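[1] What follows is a predicted structure for the sequence shown.
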Amino acid sequence: MAVKTMKMSSGISYDIGWHELTISSAKYDTWVSRDGKEKRVIDLNFEGYPEKRRLRIFAVSNKETGEEFKIANLFRFANAGILGVLKDPTGKKPVIQYDDEAENLVGKRLNVFFYKEQKTGNEYIQMFDTVAPVEQEGEHVSWTSEQVASLKVSAEKNYHKLHNNTTTTNNLLEDPSVVSTSSTDDIPF
């Protein structure tokens, strides 16, 4: 017999659904499409998860205003780099002033949705790029449990719209093969 070693369980989970994760590193990059178009992205790694298990969020802009919102929401939801809340000139919507340095995200917590990808047929567990905040009190921005729940439902609707082959029950997206068929009365939308 030989003496061998093995890694202990890391305690991380790849279960389908929402996971509260802490960002261990964040880095901007540029993604280039096949036709040469460039798009700004930010790559996030999380404590306890291997480096190759990252979440990549692409910059997305409002078609009417040109304002980028996907990465901006990441900073808002993570409560990262927030410098202050300014009054909107119309007085209707406050404007968040923030420093978008990637390093400001390190150590911040987010709710991240894990799903089973279907494109390749390998059914790898992936992280959906629409995140939600965790319940927290911040100096400038705070999130209540009701706000967090609402943003999770919104993210799930977005996921469902993009991935038609899944079913949503009880505010949790699941693989159709494991969905309970006992009741659909609790479907939130």
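    Everything's here; your move. Residues are numbered from 1 along each chain as shown.

[2] Give the other helices and strands that the longest strand belonging to the chain contacts.
    What stands out as the longest strand in the chain, according to DSSP state E, is strand 17-32. Helices and strands touching strand 17-32, by 3 or more C-beta pairs under 8 Å, 6 or more residues apart in numbering; DSSP states H and E, are strand 38-46, strand 109-116, strand 172-174. All C-beta atoms are positioned from the backbone trio N, CA, C, and that covers glycine.

[3] ok, the residue lying closest to Y98 once chain neighbours are set aside to H140 distance?
    Once flanking residues are discounted, Y98 sits nearest to G81: 4.5 Å by C-beta to C-beta, 6 or more residues apart in numbering. The gap separating G81 from H140 is 10 Å, by C-beta to C-beta, to the nearest Å.

[4] So for those two, which sits in the more crowded spot?
    Regarding G81 and H140, a neighbour count based on other C-beta atoms under 10 Å identifies G81 as having more, with 18 against 14.

[5] that older thread, how far out from the middle of the chain is the longest strand of the chain?
    8 Å (C-alpha atoms, centre = their mean, to the nearest Å).

[6] so for that strand, what's the average pLDDT?
    The average pLDDT for strand 17-32 rounds to 97.

[7] And stretch 99-110, by the same measure?
    98.

[8] Likewise for stretch 128-148?
    Mean predicted confidence for stretch 128-148 is 96.

[9] can you check stretch 162-170 too?
    Stretch 162-170 shows a mean pLDDT of 56 in the predicted model.

[10] Nearest to Y28, out of the helices and strands packed on strand 17-32?
    For the helices and strands packed on strand 17-32, the distance to Y28 is smallest for strand 38-46, at 5.4 Å, taking C-beta to C-beta.

[11] what helices or strands is the helix or strand just after the closest one leaning on?
    Downstream of strand 38-46, the next assigned helix or strand under DSSP states H and E is strand 55-58. Applying 3+ C-beta pairs under 8 Å, 6+ apart, we find strand 55-58 packed against strand 38-46, helix 70-78.

[12] and strand 55-58, which residues are buried?
    L55, I57 (16 or more other C-beta atoms under 10 Å).

[13] go on, stretch 135-155?
    Buried residues in stretch 135-155, counted by 16+ other C-beta under 10 Å: V141, W143, V148, L151, K152, A155.

[14] ends of it, how far apart?
    Distance between the two ends of stretch 135-155: 16 Å, counting by C-alpha to C-alpha, to the nearest Å.

[15] For the residue sitting nearest the centre point of the chain, list the residues it contacts.
    When C-alpha atoms, centre = their mean is applied to the chain, the residue found nearest the centroid is V131 (2.4 Å). Residues in contact with V131 (C-beta atoms under 8 Å, 6 or more residues apart in numbering) are L55, I57, N73, L74, F77, A78, L110, N111, V112, F113, A155.
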